[in-house]
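>>> Below are the sequence and a predicted model; questions follow.
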Amino acid sequence: MAVIGCCTVLFASSNLRTSCLVLETNRGGKKSRKPIPQRLIKIKAEVNYVNSEEAKQLISEGYSILDVRDKTQFARAHIKSCHHVPLFIENQDNDVGTILKRTVHNNFSGLFFGLPFTKLNPEFVQTVKGQFSPQSKLLLVCQEGLRSAVAADKLEQAGFENIACITSGLQSVEPGQFDSVGSTELQNAGKAGLVTIQGKISAVLGTVLICAYLFITFFPQQAEKLLEMMPAS
């Protein structure tokens, strides 16, 4: 009587698992093996989301900093000695649809928030692979934490195993928490456009209105004469 068994062999070095059928007889015959095609075991790494203090600890443990913001935010402020590979790049395509979208963007988001009109960087993963091995320890940073999460997912799918992200991005770091390079603090690198002067405009308008109110209150006759001198609409 023959006995058929199944065994599985795991090769840790190559991450390959081989299954084979083993045929044994109770008559002292030789064992025969019939191999089953090998299947690759895919090991999925988990992204480590940390706060700014935990990020500093990871850096001290050998993590390299990878800044995935666009070039404008990177130029305003970035962590010293970091690597820069933008997840989004400026969209300079000239098809009709892109031109319309760029025009709308520049008149709203670009004007008020200083955000460039961008598209996904098609060379992002390949560029990172050219600078780091899949075993490298990478700390991904962006301004709000969203782009670094997307970048982490792409690198994870590409086989990178040791990835960490600052949960809320550089906007959550304290002044002086990291050595930085640029014209502003890391947490303010995402601020541009009209919103950066909104506070100053509000302060000026508030001062003018208060002065006008006080003038009318304490010098009503002079205020009335000034109003009379104004041209009628």
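Ah, there it is.
>>> Residue 128: which element?
helix 124-131 (DSSP states H and E).
>>> Residue 49 too?
strand 48-50.
>>> Neighbouring strands - and their directions - for that strand?
Strand 48-50 has these partner strands in its sheet, going by DSSP bridges: strand 162-166 (parallel).
>>> circling back to that earlier point, which helix or strand lies directly C-terminal to the helix holding residue 128?
strand 137-141.
>>> what's residue 122 sitting at in phi/psi?
The phi and psi values for residue 122, taken as degrees, to the nearest 10, are phi -70, psi -20.
>>> circling back: can you name the next helix or strand after the strand holding residue 49?
helix 52-60.
>>> pLDDT on that next one, on average?
Per-residue pLDDT values over helix 52-60 give a mean of 96.
>>> and that helix, which residues are buried?
Residues 52, 55-56, 58-59 are the ones in helix 52-60 that count as buried (16 or more other CB atoms under 10 Å). Placement of C-beta: from N, CA and C, glycine included.
>>> Any chance of CSV for these, columns distance to residue 159?
Below are these laid out as CSV (distance: CB to CB, whole Å):
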residue, distance to residue 159
52, 28
55, 23
56, 27
58, 20
59, 23
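>>> So for stretch 57-74, what gets flagged as buried?
58-59, 63-70, 72-74.
>>> that older thread, the helix holding residue 128 - contacts with which helices or strands?
helix 146-157 (3 or more CB pairs under 8 Å, 6 or more residues apart in numbering; DSSP states H and E).
>>> The helix it packs on: which residues count as buried?
Buried residues in helix 146-157, counted by 16+ other CB under 10 Å: 147-152, 155.
>>> Confirm residue 177 sits in a helix?
No - counting by DSSP: H, G, I helix; E, B strand; the rest coil, residue 177 is not found in a helix; it is coil.
>>> what's around it, how many residues?
Close neighbours of residue 177, defined as other CB atoms under 10 Å, add up to 17.
>>> could you measure the residue nearest to it when sequence neighbours are not counted against residue 141, distance?
Leaving aside its chain neighbours, residue 177 sits nearest to residue 52 (5.8 Å; criterion: CB to CB, 6 or more residues apart in numbering). Distance, residue 52 to residue 141, by CB to CB, to the nearest Å: 10 Å.
>>> Now do the shared contacts for these two.
residue 166 (CB atoms under 8 Å, 6 or more residues apart in numbering).
>>> thinking again about what came up before, dump the buried residues of stretch 57-74 to CSV, plus secondary structure.
Listed next are these as CSV, based on three-state DSSP:
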residue, secondary structure
58, helix
59, helix
63, coil
64, strand
65, strand
66, strand
67, strand
68, coil
69, coil
70, coil
72, helix
73, helix
74, helix
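>>> Identify, from those, the entry nearest to residue 169.
Nearest to residue 169 among these: residue 69, at 8.8 Å, using CB to CB.
>>> okay, that closest one: pLDDT?
The score at residue 69 is 96. That number is its pLDDT.
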